[in-house]
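S.K.: Show me the folded form of this:
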Amino acid sequence: MFNVSEYEFISKKYFDMVKTRSTKSKLIWTPIFIIYVGIMIGLLFIPDFITSEPWKWLYPIYGGLIFIGLLITIIWSYFGVSEKPAFNYLYKEVYAKINLENRSYYSYIPYEKIKNSFNKNGGIFSRYCRPEVKRHVSGTLRGGKHFDIYDLLLITNNGKNRQVHFNGTYFVIENHNPSLLQVRSKGRPHKKGGSYNKIEDITDIKVYLEKEKMLSNTELKYVQVVKQLKEKLDVKKIYLSLTENEIHLAIEPIEKMRKQKNLSVDKLNEIYDYFVNELNIIEEIVTIEAY
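M.R.: Residues are numbered from 1 along each chain as shown. Alright, predicted model coming up:
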């Protein structure tokens, strides 16, 4: 956990980064806003402009929408806080502290550009999703199994419409599984080559098992742990997928650990506990087979 002196050192650099980013945003958007307002006012002095077709309706509708959009951006640049200083610096320092206190070697990478292979392998969401990663943590458990934690969005975009299929934390854990299983808050499996039957006896959450297989005690334990996590973490949606060689767990929380505006030593330690709890979830999942 962080003490006051550690917080003061980290928070000074963090708030300097927040201020620098805010200043840069103001310098970009304030002149754009002023120029735009000047142009819109200048157009009013053109004879018959505001009463002629099609400008009499294009001017107030599109001009007004652009004005509102720029105004919101200006207000945000003065009073909002970007999430990037948190991901680029603050959370990196938290994981450094976790590594120091736990003698671990977890790797932390912000805004990593990655392929969609993990999502295709898991089969929880559409295989056409594009990942937008904010935080990637990877490491090895005591038993030698590799894991990845992604704080991300999974998106499909056809050029006109952008659909967010998932916005939360996605875990991938190396593990050999005897059968394919999915436990879902909603929807059906998307795993290519996987063939599932829905378990109708379980009604409070959707459970899909590989065809011609029976639910084992271990798989029932996975179902129960997912239910417990759903209640304990107060999440919007939760998904678990057992593939041939991996466990995939996707949790969409109601409150996400993203931007940090009112940072304090207590809040910094809350972030520390949040990340440690993610690691504890992995440990809880991988020990299921021992029951």
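S.K.: from here on, contacts and neighbour counts on C-alpha atoms
M.R.: Noted.
S.K.: Now tell me what touches the lowest-mean-pLDDT helix or strand in the chain from outside.
M.R.: For the chain, using mean pLDDT, DSSP states H and E, the weakest element among its helices and strands is helix 55-79, scoring a mean of 83. Taking contacts as C-alpha atoms under 8 Å, 6 or more residues apart in numbering, the residues outside helix 55-79 that touch it are 22-23, 25-26, 29-30, 33, 36-37, 40, 49-50.
S.K.: Mark which of those are buried, thanks.
M.R.: Neighbour-count burial (16 or more other C-alpha atoms under 10 Å) applied to the contacts of helix 55-79 gives 22, 25-26, 29-30, 33, 36, 40, 50.
S.K.: Looking at those residues, which is nearest F147?
M.R.: Taking C-alpha to C-alpha as the measure, F147 sits nearest to S22 out of the buried ones among the contacts of helix 55-79, at 35.3 Å.
S.K.: Report pLDDT for that closest one.
M.R.: The predicted structure scores S22 at 84 on the pLDDT scale.
S.K.: give me the element it is part of.
M.R.: Taking DSSP states H and E as the criterion, S22 maps to helix 4-43.
S.K.: re earlier: CSV for the contacts of helix 55-79, including distance to Y128?
M.R.: Formatted as CSV, the contacts of helix 55-79 follow (distance: C-alpha to C-alpha, whole Å):
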residue, distance to Y128
S22, 35
T23, 38
S25, 33
K26, 37
W29, 35
T30, 38
F33, 37
Y36, 39
V37, 41
M40, 42
F49, 47
I50, 46
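S.K.: Looking at the residues you listed, which is nearest V226?
M.R.: Where the contacts of helix 55-79 are concerned, and distances follow C-alpha to C-alpha, V226 has its nearest neighbour in S22, at 40.4 Å.
S.K.: Do I have it right that the closest one meets V81?
M.R.: Yes - using C-alpha atoms under 8 Å, S22 makes contact with V81 at a distance of 7.4 Å.
S.K.: Contact partners for the spatially most distant residue from the centre of the chain?
M.R.: Within the chain, the residue lying farthest from the chain centre (C-alpha atoms, centre = their mean) is P47, at 51.7 Å. For P47, no residue meets the contact criterion (C-alpha under 8 Å, 6+ apart).
S.K.: quick one: secondary structure of it?
M.R.: Under the three-state scheme (DSSP: H, G, I helix; E, B strand; the rest coil), P47 adopts coil.
S.K.: The helix holding S22: which residues count as buried?
M.R.: 7, 10-11, 14-15, 17-19, 21-22, 25-26, 29-30, 33, 36, 40.
S.K.: Just list what that helix packs against, helices and strands only.
M.R.: Here helix 4-43 touches helix 55-79, helix 84-85, helix 265-286, going by 3 or more C-alpha pairs under 8 Å, 6 or more residues apart in numbering; DSSP states H and E.
S.K.: need those in a markdown table with mean neighbour count and distance to Y108, can you?
M.R.: Listed next are the helices and strands packed on helix 4-43 as a markdown table, based on neighbours: other C-alpha atoms under 10 Å; distance: least, C-alpha to C-alpha, whole Å:
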| stretch | mean neighbour count | distance to Y108 |
| --- | --- | --- |
| helix 55-79 | 14 | 28 |
| helix 84-85 | 20 | 14 |
| helix 265-286 | 15 | 12 |
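S.K.: Minimum distance to F147: which of those has it?
M.R.: Taking C-alpha to C-alpha as the criterion, F147 comes closest to helix 265-286 out of these, the separation being 8.2 Å.
S.K.: In CSV, could you pull the C-alpha coordinates for that closest one?
M.R.: Presented in CSV, the C-alpha positions along helix 265-286 are these (Å, rounded to 0.1, in the frame of the first residue of the first chain):
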residue,chain,number,x,y,z
VAL,A,265,-3.8,8.8,-0.9
ASP,A,266,-7.0,6.8,-0.1
LYS,A,267,-8.0,6.8,-3.7
LEU,A,268,-4.5,5.7,-4.8
ASN,A,269,-4.8,2.7,-2.4
GLU,A,270,-8.3,2.0,-3.6
ILE,A,271,-6.8,1.7,-7.1
TYR,A,272,-4.1,-0.6,-5.7
ASP,A,273,-6.8,-2.8,-4.1
TYR,A,274,-8.8,-2.8,-7.4
PHE,A,275,-5.8,-4.2,-9.3
VAL,A,276,-4.9,-6.7,-6.6
ASN,A,277,-8.5,-7.9,-6.6
GLU,A,278,-8.2,-8.6,-10.4
LEU,A,279,-5.2,-10.8,-9.7
ASN,A,280,-7.1,-12.6,-6.9
ILE,A,281,-10.0,-13.3,-9.3
ILE,A,282,-7.5,-15.1,-11.6
GLU,A,283,-6.2,-17.1,-8.6
GLU,A,284,-9.8,-18.0,-7.7
ILE,A,285,-10.6,-19.2,-11.2
VAL,A,286,-7.5,-21.3,-11.7
